[in-house]
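Q: Got a predicted structure here, sequence first:
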Protein chains: 2
Amino acid sequence: MSALQGHNYVGGQRSAVGTVQLPSLDACTGEPLPVSFWQAVEAEVDAAARAAATAFPIYRNLSAEKRAQFLDAIADEIDALGDDFVATVCRETALPAGRIQGERGRTSGQLRLFAAVLRRGDFYGARIDRALPDRQPLPRADLRQLRIGVGPVAVFGASNFPLAFSTAGGDTASALAAGCPVVLKAHSGHMATSEWVADAIIRAAERTGMPAGVFNMIYGGGVGEWLVKHPAIQAVGFTGSLKGGNALSQMAASRPQPIPVFAEMSSINPVFLLPDALAVRGEQIASQLAGSVTLGCGQFCTNPGLVIGLRSAQFTAFLQHFTASMQAQPAQTMLNAGALASYTHGLAQLHAHQGLVHLAGRPQSGDQAQPQVFKADINLLLEGDALLQEEVFGPTTIVVEVEDAAQLAVAVQGLRGQLTATLIGEADELPDYRWLADALQEKVGRILFNGYPTGVEVSDAMVHGGPYPATSDSRGTSVGTLAIDRFLRPVCLQNYPDNMLPEPLQNSNPLGISRLVDGIVSKARL
Amino acid sequence: MSALQGHNYVGGQRSAVGTVQLPSLDACTGEPLPVSFWQAVEAEVDAAARAAATAFPIYRNLSAEKRAQFLDAIADEIDALGDDFVATVCRETALPAGRIQGERGRTSGQLRLFAAVLRRGDFYGARIDRALPDRQPLPRADLRQLRIGVGPVAVFGASNFPLAFSTAGGDTASALAAGCPVVLKAHSGHMATSEWVADAIIRAAERTGMPAGVFNMIYGGGVGEWLVKHPAIQAVGFTGSLKGGNALSQMAASRPQPIPVFAEMSSINPVFLLPDALAVRGEQIASQLAGSVTLGCGQFCTNPGLVIGLRSAQFTAFLQHFTASMQAQPAQTMLNAGALASYTHGLAQLHAHQGLVHLAGRPQSGDQAQPQVFKADINLLLEGDALLQEEVFGPTTIVVEVEDAAQLAVAVQGLRGQLTATLIGEADELPDYRWLADALQEKVGRILFNGYPTGVEVSDAMVHGGPYPATSDSRGTSVGTLAIDRFLRPVCLQNYPDNMLPEPLQNSNPLGISRLVDGIVSKARL
């Protein structure tokens, strides 16, 4: 393993032509790490985007098997990153080593899952309508459809998952799987981590014979704007704040050639506590919910920021258990000083709001985040109070008590778009709340029964998305295999000779994939 | 059949509370039709959008079979529209009766095809990852995914297909199939036609028990902005000019809650003529191409506006035949006076451009469009001259001669996004131009071998889309069954009891649909 250099990655080469060097700070001590990072200049951003554009026609025309081998090789390289790597990530993020080891496995597993998607072949969306030369009044030509990558993708990693949602995270994995080269804007919160991972990707690219420029990475504040506005970039993946995601979306929409942005941004992930469940296991729910709110210092996109229950003796009892459990949770170090400052600011706004009462939590001070609970007047929800619906990134939540089901129905209508909603209920009472689950479908990307939203499985059926402001486009997901769809577009090939067709559409079906042939799903040779 | 009233359609009722009445003009004579149309006021637009929002939870929760019956009923009602209807369409558009009769069948066929898609069930995108309670280190919850409608859709119909791309056209059919109520902004060029068709839709909705508000229609200039900015509207479908599509996209992107827009806008549909084909059948190609350029008075989105050939004796001979054939094409009446004015303006710009030479066509004057041919200096393409790439809506095309394959490759790189590209070549020479077809894939939505782009089949494999400026989002299509994807978004249901799951995801697979179960496509019961 070579020592870190802090240089940008442009077309398979390292580059450091600028003059600004950026430190990466130890998240616990604030001390700078021994390496500093060269902020990219505009010419480097341009070169990185051009390198990705040059790689695109070569890379997208590789077989899916070749791209799968590349993803598998990245996974192997990431699995091989050892204790010194883990120690670096822990220094930059204050996350515990066990969590980082788990996230390393999640990241390599995610890459291997996309390799499996490539081998499975359904991502092609292959469709064949065979010619009907004798059709009246007009014959039908032979029409065949498959999906190809949209072109080079700009990826903005998240701070809170320095591996799984960052350099080689879900956006990168799904873009590379789709056949799209990537230009990654390294997150300022874990630039050393990003360099380790970028090196792993570059080693894998070289080992599997990928074109130079298939993966590029740039450092620095403000360089993202050059990237999103670069004509070679054809789509953007982002995980972060509402403000950041909105800014990127506006930039992308006002380009001479507008491009799609998938930004995963802001969600308060409401949890609905149903009466029978609270009667049967209210104390257990209180304890589990406190664990979910404070997991990873509350720094999850799916952190439950709003807890809603129906006025009842059991809800009152639950609230006592919950506040006690939250009061007992320890303070934790956040990802970086900026996150702590935002958390402190967010709590101050909640404390200052007249419609909120503080229920639990030690005063927020010092260099760690103190878990907190507030209770809001139901009218804030009914009247669409903005503060109640803004994500406060950290270990805090707001409880709301509704009078009855009718008021609950109105309150749900006032919710903005969310990544998740959760119903905690007994099997016997759930059917009475089918209307609630149905109404929530129109608000969220994922509905959970009797679970907690802070675990996001990487699988085929997962949706980590949802209506705005949870994301900028509810038709996508940034976790799970469906994430590849964001970076694919359909192309129709009309009247192609068989020997000119790409393999997924050839008559003999050499890849053995499922295709929609004359309206019927089939793996048959034609 | 009741007489036309000219009232807006709001929530199943007619509404005319405004003061502005708009005439619809006979496209040939300029005379107003006997009915005039009430421009919607803001309160009516608001009421229409709210009616759609009220209908949405009811309509989207109907079974796919119920929605299919609704689409079939609309198709039946449209097929039953008789000669007086056809006469009305002809008066408003100057299109011949045979064309309108054919388009009526295309429109009803399109609705029935979406009904078939609903019954087939693949639009659900059903995915099931079953629980893995014993997985280490953590169990996996049961995760099930399906796609639901995004919400009420605003549709802006096109002028050039007053049936198939308008009131009950592809955007409306795909939105209704997806479970999304529609608010249609009637095109000013065929408001009487729109009323006939809206009546047909309303009759079908009443006959099949659809909620009031499943379909709404408003008349008037400028009312579209209220519609796109209305908070109840969740997506937009549009077919029309680049300027119009860009304006709607910007409105949608700057809403407090941005929404997706699928705008099909501008394409010059390059046709590449390969040398051997010109040698073998140059005269035939010249005649067929002239037919494609002038079909329907050149008023097709896929009209070939750019013809590219390699310098050679056979290309010179082709050009003589082509100009002669174009010179012999008759003038035709355009859809409306605005289209003729735009055509006249576009031709004037081409005539005034120093890099273009006029090859064929009678002087443009009077009330019909004269077919025209221009030849452009190759440098205009190499240098990205904007005029060469702007669609001139009407029966005109520009020919470009390139020196050799190397210059052709550079020229292709300079092309903007297109709906189609066409290669005319002999079987033996096509393999030598695989590089050209591959390069064109990155520019277009559909590539044709040895056909003409002006026929757009409505089928599973069709793509009527492409990179900007052909459309606002290359990941969609506005023709063919894949069009439904634009208005669907995925939702994940975690740990649902079987009796709470929607039918597509229940263990017993009561709909008998294909699902992705633990990574394998299957129709099995679980």
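A: That came through fine. Please read all numbers here as calculations on a predicted model, not as lab measurements.

Q: if you skip the residues just before and after it, what's nearest to residue A:99?
A: Distances taken as C-beta to C-beta, 6 or more residues apart in numbering or on different chains place residue A:296 nearest to residue A:99, at 6.9 Å, with adjacent residues excluded. (C-beta placed from N, C-alpha, C; glycine too.)

Q: residues in the stretch 301-450 of chain A within reach of chain B, list them.
A: For the stretch 301-450 of chain A, the contact set with chain B under C-beta under 8 Å from any C-beta of the partner chain comprises A:417, A:427, A:430-431, A:434, A:437-439, A:441-442, A:444-450.

Q: Repeat the analysis, applying 10 Å as the threshold.
A: Within the stretch 301-450 of chain A, the positions near chain B by C-beta under 10 Å from any C-beta of the partner chain are A:416-417, A:420, A:422-423, A:425, A:427, A:430-431, A:433-435, A:437-442, A:444-450.

Q: State the pLDDT value of the residue nearest to residue A:99.
A: The model reports residue A:296 with a pLDDT of 91.

Q: re earlier: next step: the residues of the stretch 301-450 of chain A next to chain B restricted to strands.
A: A:420, A:422-423, A:444-449 (DSSP state E).

Q: got TSV for the residues you listed, with neighbour count too?
A: Formatted as TSV, these follow (neighbours: other C-beta atoms under 10 Å in any protein chain shown):
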residue	neighbour count
A:420	30
A:422	27
A:423	24
A:444	27
A:445	31
A:446	31
A:447	26
A:448	24
A:449	20
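
Q: now those residues in TSV, with distance to residue B:59 and pLDDT?
A: Shown next, in TSV, are those (distance: C-beta to C-beta, whole Å; pLDDT from 0 to 100):
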residue	distance to residue B:59	pLDDT
A:420	25	98
A:422	27	98
A:423	24	98
A:444	19	98
A:445	21	98
A:446	23	98
A:447	20	98
A:448	26	97
A:449	25	97
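
Q: need the residues you listed in JSON lines with distance to residue A:206, can you?
A: Formatted as JSON lines, these follow (distance: C-beta to C-beta, whole Å):
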{"residue": "A:420", "distance to residue A:206": "40"}
{"residue": "A:422", "distance to residue A:206": "45"}
{"residue": "A:423", "distance to residue A:206": "49"}
{"residue": "A:444", "distance to residue A:206": "42"}
{"residue": "A:445", "distance to residue A:206": "37"}
{"residue": "A:446", "distance to residue A:206": "38"}
{"residue": "A:447", "distance to residue A:206": "44"}
{"residue": "A:448", "distance to residue A:206": "42"}
{"residue": "A:449", "distance to residue A:206": "47"}
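
Q: nearest to residue B:263, of those residues?
A: Of all those, residue B:263 sits closest to residue A:445, with 25.4 Å by C-beta to C-beta.

Q: List the contacts of the nearest residue to that closest one once chain neighbours are set aside.
A: Nearest in space to residue A:445, with sequence neighbours left out and distances taken as C-beta to C-beta, 6+ apart, is residue A:466 at 3.3 Å. Counting by C-beta atoms under 10 Å, 6 or more residues apart in numbering or on different chains, residue A:466 touches A:264-265, A:267, A:269, A:416-421, A:443-446, A:474, A:476-477, B:489-492.

Q: ok, now residue A:446?
A: Counting by C-beta under 10 Å, 6+ apart, residue A:446 touches A:269, A:302, A:418-422, A:440, A:453, A:456-457, A:461-466, A:477, A:479-480, B:143, B:145, B:490-494.

Q: go again using 7 Å as the cut-off
A: Counting by C-beta atoms under 7 Å, 6 or more residues apart in numbering or on different chains, residue A:446 makes contact with A:419-420, A:463, B:492, B:494.

Q: partners of it in the sheet?
A: Applying DSSP bridges to residue A:446 gives these bridge partners: residue A:420, residue B:492.

Q: Please apply the same query to residue A:517.
A: Bridge pairing for residue A:517 - DSSP bridges - gives residue A:128, residue A:520.

Q: if I look at it, how far off is residue B:461?
A: Counting by C-beta to C-beta, to the nearest Å, the gap from residue A:517 to residue B:461 is 9 Å.

Q: Find residues that contact each of those two.
A: Counting by C-beta under 7 Å, 6+ apart, the common neighbours of residue A:517 and residue B:461 are residue A:128.

Q: Show me where the stretch 251-400 of chain A has its helices.
A: A:275-294, A:313-327, A:337-352, A:378-382 (DSSP state H, counting those that start in this stretch).

Q: Adding mean neighbour count as columns, could you present these in TSV?
A: Shown next, in TSV, are the helices of the stretch 251-400 of chain A (neighbours: other C-beta under 10 Å):
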stretch	mean neighbour count
helix A:275-294	20
helix A:313-327	19
helix A:337-352	16
helix A:378-382	18
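
Q: Neighbour count: residue A:517 and residue B:461, which is higher?
A: In this view residue A:517 and residue B:461 are compared by other C-beta atoms under 10 Å in any protein chain shown, and residue B:461 has more residues nearby, 29 against 20.

Q: thought that one was touching residue A:130?
A: No - look at residue B:461 against residue A:130 with C-beta atoms under 7 Å: they stay out of range, at 9.4 Å.

Q: can you list the weak-confidence ranges in the stretch 401-526 of chain A?
A: Along the stretch 401-526 of chain A, segments meeting pLDDT under 70 are nowhere present.

Q: thought residue A:197 was touching residue A:168?
A: Yes - when contacts are counted by C-beta under 7 Å, residue A:197 is listed as touching residue A:168 (5.0 Å).

Q: list residues touching both of these two?
A: With C-beta under 7 Å, 6+ apart, residue A:197 and residue A:168 have common neighbours residue A:78.

Q: returning to what we had before: columns distance to residue A:27 on top of the helices of the stretch 251-400 of chain A, output as JSON lines?
A: Putting those into JSON lines (distance: least, C-beta to C-beta, whole Å) gives the following:
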{"stretch": "helix A:275-294", "distance to residue A:27": "18"}
{"stretch": "helix A:313-327", "distance to residue A:27": "24"}
{"stretch": "helix A:337-352", "distance to residue A:27": "8"}
{"stretch": "helix A:378-382", "distance to residue A:27": "34"}
